[in-house]
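Colleague: Predicted structure and sequence below. I'll ask about it afterward.
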Amino acid sequence: MKKNQVPTDAEGYLTTALQQVAWRIVPFICLLYVLNILDRANVGFARLAMQDDLGLNKAMFDLGYGMFYVGYILFEVPSNLLMRRFGARRWIARIMITWGLVSAATMFARDVWTFYSLRILLGIAEAGFFPGIILYLSDWFPDRQRAKMTAFFMLAIGLSNVLGNPLSGWIMDHFDGVNGWHGWQWLFLLEGLPTSLVGITVLFYLQDSPRDAKWLSDSQRSSLIEHLAEEDRQRQAQHGPDRWQAMLQPRVWLLIAIYFTVAVGSNAGGAYFPTLIKEQYQQASNLQIGLLTALPHLCAIVVMSIVGISSDRTGERRWHLAGSAMLAAAGWSLVAWGPSPIVAMVGLCLAQAGMMSMLPVFWTLPGVFLSGVAAAGGIALINSVANIGGFFGASILGQLGLWSMAAILFSGSVLSAASLRHWRTGLSSKMEAVDEPIVRRASRPTSLGTNGLEVRSTSPDGQSPTVEVSNE
């Protein structure tokens, strides 16, 4: 082989490595997120009976729903930084074991204060899980594939509700009175303890980084590590080193503002979807309400997958994000208008599909300019501060009504469309596409020497950024 000639199988090693990583990691973390959403959101279903059993009014229960975010916000950034210190495997396992136990303990809520206290404890226990998983994916997948992988991971939101809502309804209908416990008490117990058991399996299944992946061949492992390292070098060269001060730059706070809008809408939906559907179908049983509540999440699974794949294939982020927010705003508007149960249900489907489709596109953005410690802290900061919207989401909907949700998601669409356009002109062409260098076979010497990868930042036509790892 001539000097500087790229080996013919270099691209193949990277492609097969990414395929193996995707099949091994993504389904498992999807399972973890299913349990996460189930344990976080089942209180929205439990309120059908729990609110009256505890003697709470609507405002008190809404505040209790939001109390989760008190502990979550305070401990989010420290938790993510500790994950960098102790390793993803041990820290994710710790999070799951503790949150499963606290979720199960919610069955012992007796009044407003025990309810509030348990919700705060659940937020503390769970803090760091979601941003930790986003950070974990960035340690395994190149920028260009991350929206698709994040979309697959976030399918868990829909799957959890598609499967969990009917299950929750069935538990509340069939276990009510067993052993003298209410149905909602059994709900927390039976959906909380499995999380702790699965958390133990994390210790034996996950690896902290590609360097620990013994199930990859040496060639696959080195190809993946080199490619991710080169991405990180380019990121630091363009946006500066991975200092923690990078967390405070204006772009981080812009992302917080955008994510705030979807946090308000999605958490308000989680708190109120079963109640809104119950108002439309008053004669339905808990199981039937669970089946109907699953429908918006089933729609979200389909639309979110399409949006995530489309965004990766085109390398376009701005309009995928803004368009998803606009779809959510339109959906909430239909629910607010709601001349019939069918129109209201269509609106709920559109609202959920739009809000969930924002997520995989949005979470590709921080990794464009944050790396290392700054990425760990920055992603956690975005998630924690923006989730102040989660704290107020249920109360906003309860006090201001459904049109407030439409207005908030509309503002998220406008903010995404306007601000990401300025990122492109003010920073670089990379910012809008949120791309990664393409890996190609080279017919000439490359800038990376002997590792066999050619890095390009523009497409072959010299116009738009090339933003994928070529698998062809």
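Modeller: Received it, and whenever you're ready, just let me know what you need.
Colleague: OK, contacts around the closest residue in space to residue 169 that isn't next to it in sequence?
Modeller: Excluding its sequence neighbours, the residue lying closest to residue 169 (Cβ to Cβ, 6 or more residues apart in numbering) is residue 290, at 3.0 Å. C-beta: built from backbone N, CA, C; applies to glycine. Residues in contact with residue 290 (Cβ atoms under 8 Å, 6 or more residues apart in numbering) are 45, 165-170, 274.
Colleague: Mind doing that once more with 6 Å?
Modeller: Going by Cβ atoms under 6 Å, 6 or more residues apart in numbering, residue 290 touches 165-166, 168-169.
Colleague: With residue 38 instead?
Modeller: Contacts of residue 38 (Cβ under 6 Å, 6+ apart): 160, 164, 191.
Colleague: What separation do you get for the second one and residue 53?
Modeller: The spacing between residue 164 and residue 53, counted by Cβ to Cβ, to the nearest Å, is 21 Å.
Colleague: coming back round to it: pLDDT on the one helix or strand the residue nearest to residue 169 maps to, on average?
Modeller: Using DSSP states H and E, residue 290 sits in helix 286-314. Average pLDDT, helix 286-314: 87.
Colleague: what about residue 282, is that helix, strand or coil?
Modeller: Counting by DSSP: H, G, I helix; E, B strand; the rest coil, the backbone at residue 282 sits in coil.
Colleague: separation between it and residue 405?
Modeller: Distance from residue 282 to residue 405, by Cβ to Cβ: 22 Å.
Colleague: which residues touch the helix or strand hosting residue 123?
Modeller: For residue 123, the host element (DSSP H and E) is helix 112-126. Here helix 112-126 makes contact (Cβ under 6 Å, 6+ apart) with 56, 60, 64, 67-72, 75, 98-99, 102, 106, 109.
Colleague: again with stretch 328-347
Modeller: 280, 348, 350-351, 354-355, 402-403, 405-406, 409-410.
Colleague: Toward the C-terminus from the helix holding residue 290, list the very next helix or strand.
Modeller: Heading C-terminal from helix 286-314 (DSSP H and E), you reach helix 318-337.
Colleague: quick one: average pLDDT of that next one?
Modeller: For helix 318-337, the per-residue pLDDT averages 94.
Colleague: Just the buried residues of the contacts of residue 38.
Modeller: 160, 164, 191 (16 or more other Cβ atoms under 10 Å).
Colleague: As a markdown table, these with pLDDT would be great.
Modeller: Putting the buried ones among the contacts of residue 38 into a markdown table (pLDDT from 0 to 100) gives the following:
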| residue | pLDDT |
| --- | --- |
| 160 | 80 |
| 164 | 81 |
| 191 | 91 |
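Colleague: mind listing the helices in the stretch 51-200 of the chain by residue range?
Modeller: 58-86, 88-105, 112-126, 129-138, 143-174, 183-205 (DSSP state H, counting those that start in this stretch).
Colleague: Quick check: which of these is nearest to residue 253?
Modeller: helix 58-86 (14.2 Å; Cβ to Cβ).
Colleague: Now do that closest one: which elements does it pack against?
Modeller: If you count contacts as 3 or more Cβ pairs under 6 Å, 6 or more residues apart in numbering; DSSP states H and E, helix 58-86 packs onto helix 112-126, helix 129-138, helix 372-386, helix 388-400.
Colleague: mind exporting stretch 214-231 as PDB, just the C-alpha atoms?
Modeller: Output of stretch 214-231 as PDB, limited to C-alpha atoms (Å, rounded to 0.1, in the frame of the first residue of the first chain):
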ATOM      1  CA  LYS A 214     -15.000  -6.000  24.100                       C
ATOM      2  CA  TRP A 215     -17.800  -7.100  21.700                       C
ATOM      3  CA  LEU A 216     -16.300  -4.900  19.000                       C
ATOM      4  CA  SER A 217     -13.300  -6.200  17.000                       C
ATOM      5  CA  ASP A 218     -10.000  -4.300  17.500                       C
ATOM      6  CA  SER A 219     -10.300  -2.700  14.000                       C
ATOM      7  CA  GLN A 220     -13.900  -1.600  14.700                       C
ATOM      8  CA  ARG A 221     -13.100  -0.200  18.100                       C
ATOM      9  CA  SER A 222     -10.100   1.800  16.900                       C
ATOM     10  CA  SER A 223     -11.900   3.100  13.900                       C
ATOM     11  CA  LEU A 224     -14.800   4.300  16.000                       C
ATOM     12  CA  ILE A 225     -12.600   5.800  18.700                       C
ATOM     13  CA  GLU A 226     -10.500   7.700  16.100                       C
ATOM     14  CA  HIS A 227     -13.500   9.100  14.300                       C
ATOM     15  CA  LEU A 228     -15.100  10.300  17.500                       C
ATOM     16  CA  ALA A 229     -11.800  11.800  18.700                       C
ATOM     17  CA  GLU A 230     -11.400  13.700  15.400                       C
ATOM     18  CA  GLU A 231     -14.900  15.100  15.800                       C
END
